[in-house]
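> This is the structure alone, sequence omitted:
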């Protein structure tokens with residue numbers, strides 16, 4: 001069953017909010033795009049968004065949703081941070097997400113970002129006793145995180161483009 005055009009526009013609006021959410025960490029970006037595609041596909045019994053297209057969109061969504069993890073860790077590694085410092089950054093990021101979301105109202109994502117940065121910086125200061133080297137490792141993590149935001153945006157835009165192409169292709 002093909003849905004009416006207004007259903008496409010509602011789904012597209014939700015997806016655009018998700019695309020904005022990639023940049024503004026208040027909305028779950030790529031995941032929201034994927035959920036909008038899922039709801040649309042189920043509502044129309046996978047008529048225009050066939051299972052193969054949905055699988056491709058799912059793979060893209062998984063890559064986009066996890067890119068923040070692997071890109072930031074790759075950036076830290078390339079800047080010289082060992083695995084131990086990266087794991088400390090990951091743990092302090094989780095703590096930052098909890099504290100930011102529950103106690104200070106900052107939000108989970110900004111709390112996680114601040115916690116990760118602080119954790120890597122402190123772990124690297126302790127490891128090498130050189131704040132400049134620690135700052136370099138922390139900057140590598142931050143660069144990886146920024147690149148992951150770009151990747152998420154491009155993947156999200158690609159998911160939306162595939163969705164629109166499939167719906168209008170019929």
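Arrived safely. In this text, all values refer to a predicted model and were calculated from it rather than measured experimentally. Numbering: from 1, shown residues only.
> name the helices or strands packed onto the longest helix seen in the chain?
Secondary structure of the chain read by DSSP state H shows that its longest helix is helix 131-169. If contacts are counted by 3 or more Cβ pairs under 8 Å, 6 or more residues apart in numbering; DSSP states H and E, helix 131-169 sits against helix 5-23, helix 29-43, helix 51-78, helix 83-98, helix 108-128. No exception for glycine: its C-beta is placed from N, CA and C like everyone else's.
> Please spell out which residues along it are buried.
For helix 131-169, burial by neighbour count (16 or more other Cβ atoms under 10 Å) applies to 133-134, 137-145, 147-149, 151-153, 155-156, 159-160, 162-163, 166-167.
> tell me the contacts of the spatially most central residue of the chain?
With distances taken as Cα atoms, centre = their mean, the chain has residue 65 as the residue nearest its mean C-alpha position (4.2 Å). Listed by Cβ atoms under 8 Å, 6 or more residues apart in numbering, the contact set of residue 65 reads 30-31, 34, 152.
> 6 Å instead, please
Taking Cβ atoms under 6 Å, 6 or more residues apart in numbering, we find residue 65 in contact with 30-31.
> From residue 59, how far off is it?
Computed as Cβ to Cβ, to the nearest Å, the residue 65 to residue 59 distance reads 11 Å.
> same question, residue 169
Distance from residue 169 to residue 59, counting by Cβ to Cβ: 20 Å.
> tell me the pLDDT at residue 96?
Taken from the predicted model, the pLDDT recorded for residue 96 is 86.
> ok, it - how many residues close by?
Applying other Cβ atoms under 10 Å, we find 25 other residues in the vicinity of residue 96.
> quick one, what contacts it?
Contacts were defined as Cβ under 6 Å, 6+ apart; by that measure residue 96 touches 111-112, 114-115.
> Max pairwise distance over these: which two?
112 and 114 (7.5 Å; Cβ to Cβ).
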